[in-house]
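Engineer: just coords:
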């Protein structure tokens with residue numbers, strides 16, 4: 001803060017707001033001490049991020065609050081960690097998987113690193129787990145792990161992303177890698193059996209009952225051992241050498257009558273005995289006859305050492321089979337690979353790494369409650385089956401890849417369409433071509449479907465036209481119809497349009513059929529119109545239409561009446577052909593004389609000199625327009641106009657004043673003026689004569705007053721005017737001698753005190769005889785009228801009046817007129833204020849106006865006595881001594897008490913020894929002790945200062961004083977209220 005403004009700075013600080021130019025009342029302010037000098041403050045917390053603030057410094061002293069220049073700044077937006085999600089693992093194998101994530105938000109800062117982190121412990125981080133970086137920035141990402149994972153292990157994975165604010169992690173997912181060496185496939189499987197009955201075997205393969213008698217019904221009662229079980233094995237002796245296939249048909253018979261045993265835990269699987277005791281189980285689960293067939297089955301691989309040890313995959317797969325019908329389970333061996341098929345569909349494959357080609361395979365059951373009616377049979381097991389291919393229709397194409405193949409082998413069928421046909425799919429719903437099949441027991445027939453390919457469409461759509469309609473104005477033809485392409489391949493109508501013409505409503509398009517309507521602009525004459533319809537292949541059809549359009553011409557208006565003085569008007573022409581225009585009268589001419597299509601004609605009509613009406617016929621392209629002109633009617637129309645509105649104002653007796661009176665004839669005939677009558681005091685230089693039609697006569701009128709009086713009357717013009725006698729008022733005032741006025745005003749006292757009153761003295765001086773007096777004052781903003789004294793007049797302001805004060809005297813006092821008025825000063829007033837006053841003196845005619853001097857009148861604020869240099873509302877001996885110093889100013893040897901305004905002194909004044917005692921002076925402002933404002937301190941004025949100095953509180957002299965209106969200096973001894 002660079003200056004205290006002459007008063008102590010009691011408060012300073014900064015004020016801020018989101019709105020511009022904040023103040024301590026409109027914004028938020030923070031104080032930072034007092035006095036002058038630099039200051040600062042720290043704002044911690046109250047601001048909002050991403051917001052623009054406007055700031056100003058402020059300082060307050062006794063005169064008010066001042067503000068510095070406005071600055072602004074915008075707070076930053078905080079950066080947060082990124083937002084990232086983790087995607088599910090895919091392509092999982094024994095040692096690898098595909099992992100990834102998606103960075104959906106960068107948190108307000110660039111993502112410098114992203115990727116995945118995994119571990120066998122939950123919630124891995126980049127410091128606790130193994131992480132893989134996958135680029136930077138936002139968006140989806142993925143990575144393939146090949147080799148770093150262990151078989152049969154569960155891993156926990158999270159995606160991560162890093163920016164300036166830190167590292168964020170996505171949701172945790174997990175997956176388990178499969179074991180190695182055993183490959184197991186299971187799609188559909190009918191695992192949960194509730195009972196088997198062995199049927200006689202055929203020569204193809206032999207089944208042996210192991211650990212249980214399954215011939216006939218095998219029943220486990222309620223009291224049976226929990227581990228009651230039975231196995232059906234395929235003996236080594238009955239397994240052909242090399243590659244082989246063996247099948248068994250099975251079904252389930254539900255003959256359960258005891259509701260306490262409505263379910264049983266059963267299994268269906270392959271069992272290898274003796275050599276390695278490898279058990280590949282599908283479907284060990286609970287079977288419930290009241291619910292129906294199970295829809296899922298558990299699959300596992302285990303082997304026997306000293307106990308059953310799960311060494312491979314274990315999972316749940318969907319199944320779909322019919323337990324009330326016969327189902328076929330098939331075992332095949334190709335080299336060291338074994339496959340299990342259900343109803344011809346492969347559900348399991350594994351490699352004989354445990355048996356090395358030896359051992360026993362079979363089905364087994366495992367029961368815990370009650371199992372009834374096991375039934376199992378081993379039909380003849382064919383090793384080959386025939387695949388047949390059929391084309392539908394037979395001419396449509398061929399099916400390749402058919403023949404006799406090993407049951408369970410995979411074959412490829414290919415359908416090939418003949419010329420003119422296209423392949424549409426297989427009869428069983430499969431659309432792949434070529435397609436893979438597994439050869440089922442008994443073979444199968446596969447039918448390929450073909451469709452005829454239609455020949456190419458080279459013909460455009462059929463077009464039907466409903467007729468052509470000519471518009472009543474002859475400017476367009478409307479044609480409508482349909483276009484259809486449904487009969488030729490159904491390619492559809494691509495567009496319908498008019499060849500070579502811009503038709504409204506076209507082009508249009510449709511599907512098989514398009515309905516269309518076209519409006520085509522035309523002119524008079526014969527026209528050949530071509531409608532072109534195009535199908536979706538670009539094949540066009542052109543349909544010609546012939547139409548003859550008649551000539552059409554219409555005029556608007558069809559008739560016109562012109563005034564006698566003449567006329568010019570326009571006829572609008574709407575036509576679809578060429579035309580000529582002519583008039584049968586020379587007093588009515590047309591232009592242009594010809595045209596084509598729409599246009600306009602201007603008709604010029606000359607004045608009608610006759611007192612009867614007349615007619616003319618206008619012809620345009622054979623169409624008639626009638627014209628009638630009104631007859632001439634004589635008229636004499638008089639009007640009067642003054643150059644000074646007939647007001648001559650004040651004219652001294654013995655002098656004259658002139659003005660121009662214009663007499664105009666607005667008629668169409670000559671006007672005869674017989675005479676002009678003037679009132680007393682007025683005369684003219686023209687009184688009679690003729691004024692032609694449309695002409696005027698200037699008359700000089702002279703006003704010559706002979707007395708101090710008002711001259712009011714009228715000037716009358718007598719003529720043969722159609723509208724009779726014309727008269728106009730006239731006025732003037734005769735005055736005796738010359739007159740003038742002056743005004744002055746002054747502040748009673750040293751100035752104003754905020755929140756108090758100030759009195760203004762006024763003097764109005766005039767010469768001559770006044771008929772009216774007035775006084776107007778323009779006040780400072782917020783000031784108001786309080787009261788008045790002296791010759792205030794008949795009309796004066798009301799208490800509380802602001803802005804403009806007005807006085808008026810109807811009872812005229814003698815000159816000079818003196819009065820005072822007192823004003824209310826608002827408490828917020830600061831600095832110099834000005835008053836402007838205007839005196840008004842009326843002496844018969846125009847008023848005389850005089851600005852009060854000085855103009856404007858400056859009213860200075862009075863806060864402290866000029867002698868009170870330290871402004872403590874007390875006058876000390878040192879301060880009184882300064883007043884005495886000014887009082888003792890001398891010019892030569894004579895004491896004058898003269899002083900002058902001088903900046904830099906303790907009180908802003910200095911002795912003026914160069915001015916004589918009787919010299920007048922006007923100062924910018926006056927010392928408080930100089931009560932008469934003459935630029936000098938007299939003994940009486942010094943005595944007043946001594947009086948204030950000598951004020952006592954009890955017996956103690958304090959020199960206290962206060963502002964007080966109405967005193968000679970605006971102050972009074974004593975403490976402030």
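Structural biologist: Done, it's in. No experiment lies behind these values; they were computed from the predicted model shown.
Engineer: just the endpoints, please. Distance across stretch 610-622?
Structural biologist: In terms of C-alpha to C-alpha, to the nearest Å, the two terminal residues of stretch 610-622 are separated by 30 Å.
Engineer: which parts of stretch 893-903 are buried?
Structural biologist: 896-900 (16 or more other C-beta atoms under 10 Å). Where you see a C-beta, it was placed from the backbone N, CA and C, and this is true even at glycine.
Engineer: ignore the last one, stretch 8-18
Structural biologist: Of the residues in stretch 8-18, 9, 11-17 count as buried by neighbour count, 16+ other C-beta under 10 Å.
Engineer: sitting in strands, which of the residues you listed do you find?
Structural biologist: The members of the buried residues of stretch 8-18 that map onto strands under DSSP state E are 11-17.
Engineer: reformat those residues as TSV; add distance to residue 675 and pLDDT.
Structural biologist: Output for those, formatted as TSV (distance: C-beta to C-beta, whole Å; pLDDT from 0 to 100):
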residue	distance to residue 675	pLDDT
11	88	92
12	89	93
13	90	92
14	89	94
15	84	94
16	87	94
17	82	94
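Engineer: which residues of the protein fall in helices?
Structural biologist: 877-887, 939-949 (DSSP state H).
Engineer: closest to residue 386 out of these?
Structural biologist: helix 877-887 (137.4 Å; C-beta to C-beta).
Engineer: want to throw the helices of the chain into a markdown table with mean pLDDT?
Structural biologist: A markdown table is the format used below for the helices of the chain (pLDDT from 0 to 100):
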| stretch | mean pLDDT |
| --- | --- |
| helix 877-887 | 93 |
| helix 939-949 | 92 |
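Engineer: just put the buried residues of stretch 893-903 in TSV and tack on distance to residue 399 and pLDDT.
Structural biologist: Formatted as TSV, the buried residues of stretch 893-903 follow (distance: C-beta to C-beta, whole Å; pLDDT from 0 to 100):
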residue	distance to residue 399	pLDDT
896	141	94
897	139	93
898	137	96
899	132	95
900	130	94
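Engineer: pLDDT of stretch 631-646, averaged?
Structural biologist: Averaged over stretch 631-646, pLDDT sits at 89.
Engineer: residue 620 is in contact with residue 601, isn't it?
Structural biologist: Yes: with contact defined as C-beta atoms under 8 Å, residue 620 counts as touching residue 601 (6.5 Å).
Engineer: shared neighbours, these two?
Structural biologist: By C-beta atoms under 8 Å, 6 or more residues apart in numbering, residue 620 and residue 601 have these common neighbours: 571, 573, 581.
Engineer: could you dump those residues to CSV with neighbour count?
Structural biologist: Output for the shared contacts of residue 620 and residue 601, formatted as CSV (neighbours: other C-beta atoms under 10 Å):
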residue, neighbour count
571, 21
573, 22
581, 23
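Engineer: tell me the one among those residues nearest to residue 438.
Structural biologist: Using C-beta to C-beta, residue 573 comes nearest to residue 438 of those, at 90.3 Å.
Engineer: how close does the closest residue to the closest one other than its chain neighbours get to residue 815?
Structural biologist: Nearest residue to residue 573 in three dimensions, chain neighbours excluded: residue 599, at 4.8 Å (C-beta to C-beta, 6 or more residues apart in numbering). Separation of residue 599 from residue 815 (C-beta to C-beta, to the nearest Å) stands at 81 Å.
Engineer: try residue 875
Structural biologist: As for residue 875, its distance to residue 815 is 43 Å (criterion: C-beta to C-beta).
Engineer: comparing those two, which shows the higher neighbour count?
Structural biologist: Counted by other C-beta atoms under 10 Å, residue 875 and residue 815 do not tie: residue 875 has more neighbours, with 27 against 16.
Engineer: residues in contact with residue 667?
Structural biologist: By C-beta under 8 Å, 6+ apart, the contact list for residue 667 reads 634-637, 693, 721-722.
Engineer: check residue 392 too.
Structural biologist: Contact analysis of residue 392 by C-beta under 8 Å, 6+ apart lists 427, 447-450.
Engineer: weed out the non-buried ones from those.
Structural biologist: Buried members of the contacts of residue 392, scored by 16+ other C-beta under 10 Å, are 448-450.
Engineer: and which of the residues you listed is nearest residue 952?
Structural biologist: The closest of the buried ones among the contacts of residue 392, once distances to residue 952 are taken by C-beta to C-beta, is residue 449, at 131.3 Å.
Engineer: quick check: that closest one touching residue 424?
Structural biologist: Yes: the criterion here is C-beta under 8 Å, and residue 449 meets it with residue 424 at 4.8 Å.
Engineer: residue 526: which of the ones in strands among the buried residues of stretch 8-18 is nearest?
Structural biologist: In terms of C-beta to C-beta, no member of these lies closer to residue 526 than residue 17, at 81.8 Å.
Engineer: go through the buried ones among the contacts of residue 392 and name the one nearest residue 774.
Structural biologist: Proximity of the buried ones among the contacts of residue 392 to residue 774 (C-beta to C-beta) peaks at residue 449, which lies at 115.7 Å.
Engineer: the closest one pairs with what?
Structural biologist: Applying DSSP bridges to residue 449 gives these bridge partners: residue 392, residue 425.
Engineer: show me the shaky parts of the stretch 401-550 of the chain.
Structural biologist: Within the stretch 401-550 of the chain, the ranges that satisfy pLDDT under 70 run 441-442, 455-457, 486-496, 500-512.
Engineer: ranges for the strands of it?
Structural biologist: For the stretch 401-550 of the chain, the strands defined by DSSP state E, counting those that start in this stretch occupy 403-406, 410-417, 421-426, 435-438, 444-452, 462-470, 476-484, 493-498, 513-521, 525-535, 540-549.
Engineer: next, the buried residues of the fourth one.
Structural biologist: What that stands for is strand 435-438. So for strand 435-438, counting by 16+ other C-beta under 10 Å, buried means 435, 437-438.
Engineer: so how far is stretch 642-655 from its chain's centroid?
Structural biologist: Centroid separation between stretch 642-655 and its chain, computed with C-alpha atoms, centre = their mean, to the nearest Å, is 69 Å.
Engineer: buried set for that stretch?
Structural biologist: Counting neighbours by 16+ other C-beta under 10 Å, stretch 642-655 gives 642, 644, 646, 648, 650-651 as buried.
Engineer: out of the contacts of residue 392, who's nearest residue 770?
Structural biologist: Nearest to residue 770 among the contacts of residue 392 is residue 449, at 125.3 Å by C-beta to C-beta.
Engineer: need the winner for burial among the strands of the stretch 401-550 of the chain.
Structural biologist: Of those, the one with the most neighbours on average (mean count of other C-beta atoms under 10 Å) is strand 493-498, at a mean of 23.
Engineer: residue 626 is in contact with residue 561, isn't it?
Structural biologist: No: with contacts counted by C-beta under 8 Å, residue 626 stays clear of residue 561, the gap being 9.4 Å.
Engineer: what's the weakest-modelled helix or strand in this protein?
Structural biologist: In the chain, the helix or strand scored least confidently by mean pLDDT, DSSP states H and E is strand 376-378, which has a mean of 29.
Engineer: I figured residue 839 was touching residue 743, is that so?
Structural biologist: Yes: assessed by C-beta under 8 Å, residue 839 is found in contact with residue 743 at 3.6 Å.
Engineer: in contact with residue 478, which residues?
Structural biologist: Here residue 478 is in contact with 468-469, 471, 517-520 (C-beta under 8 Å, 6+ apart).
Engineer: show me the shaky parts of the stretch 751-900 of the chain.
Structural biologist: 844-846.
Engineer: for burial, what's the neighbour tally of the closest residue to residue 815 other than its chain neighbours?
Structural biologist: What sits nearest to residue 815 in space, not counting adjacent residues and going by C-beta to C-beta, 6+ apart, is residue 766, at 4.8 Å. As a burial measure, residue 766 scores 23 neighbours (other C-beta under 10 Å).
Engineer: roughly how far does residue 766 sit from residue 885?
Structural biologist: Residue 766 sits 45 Å away from residue 885, going by C-beta to C-beta.
Engineer: show me the contacts for residue 556.
Structural biologist: 571-572, 574.
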